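Q: Got a predicted structure plus its sequence, pasted below:
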Amino acid sequence: MDEQHKRELKEAYRNSRPPIGVLAFRCEPTGESFLLASRNISADINSVTFKLNSGYHPNRHLLELWERYGEEGFAVEVLETLDYREESDDPADYKDELDQLRDLCLCLLYTSDAADDL
């Protein structure tokens, strides 16, 4: 791979907009959901899954369920996504909106289900 192509790939990565939104890790046997406001959906799915498989996650209840039912006992869902505004490509600028969207999803899930924050 030549240097020009490497630079182009790095630039494309820097300019990419990762999908942002609200994730749910749902324990199928219990029906419990754990929500996360995500500034990079694919990276957060990988991160949470890695922590759970490694035996360390700050949410002890989620970790206990993961250890009991395993990865196959969980479904990962993207509940909502946010579109980027023209004036901002930085996912950090969407923290408040993502938190509000997560809270809305929590309210909707609590009316039908049990849900916790990740």
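A: Cool, got the structure. Numbers count the residues shown, from 1 in each chain.
Q: average model confidence for the longest helix anywhere in the chain?
A: Longest helix of the chain, by residue count under DSSP state H: helix 95-112. The average pLDDT for helix 95-112 rounds to 85.
Q: Tell me the helices and strands packed up against that helix.
A: Counting contacts by 3 or more C-beta pairs under 8 Å, 6 or more residues apart in numbering; DSSP states H and E, helix 95-112 is packed against strand 20-27, strand 33-38, strand 74-82, strand 115-117. (Glycine included, C-beta is placed from N, CA and C.)
Q: Adding mean neighbour count, distance to Asn59 and mean pLDDT, write those out as JSON lines.
A: JSON lines is the format used below for the helices and strands packed on helix 95-112 (neighbours: other C-beta atoms under 10 Å; distance: least, C-beta to C-beta, whole Å; pLDDT from 0 to 100):
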{"stretch": "strand 20-27", "mean neighbour count": "22", "distance to Asn59": "9", "mean pLDDT": "95"}
{"stretch": "strand 33-38", "mean neighbour count": "23", "distance to Asn59": "6", "mean pLDDT": "94"}
{"stretch": "strand 74-82", "mean neighbour count": "16", "distance to Asn59": "13", "mean pLDDT": "94"}
{"stretch": "strand 115-117", "mean neighbour count": "16", "distance to Asn59": "7", "mean pLDDT": "57"}
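Q: Reformat those as TSV; add distance to Glu97.
A: Formatted as TSV, those follow (distance: least, C-beta to C-beta, whole Å):
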stretch	distance to Glu97
strand 20-27	9
strand 33-38	9
strand 74-82	6
strand 115-117	17
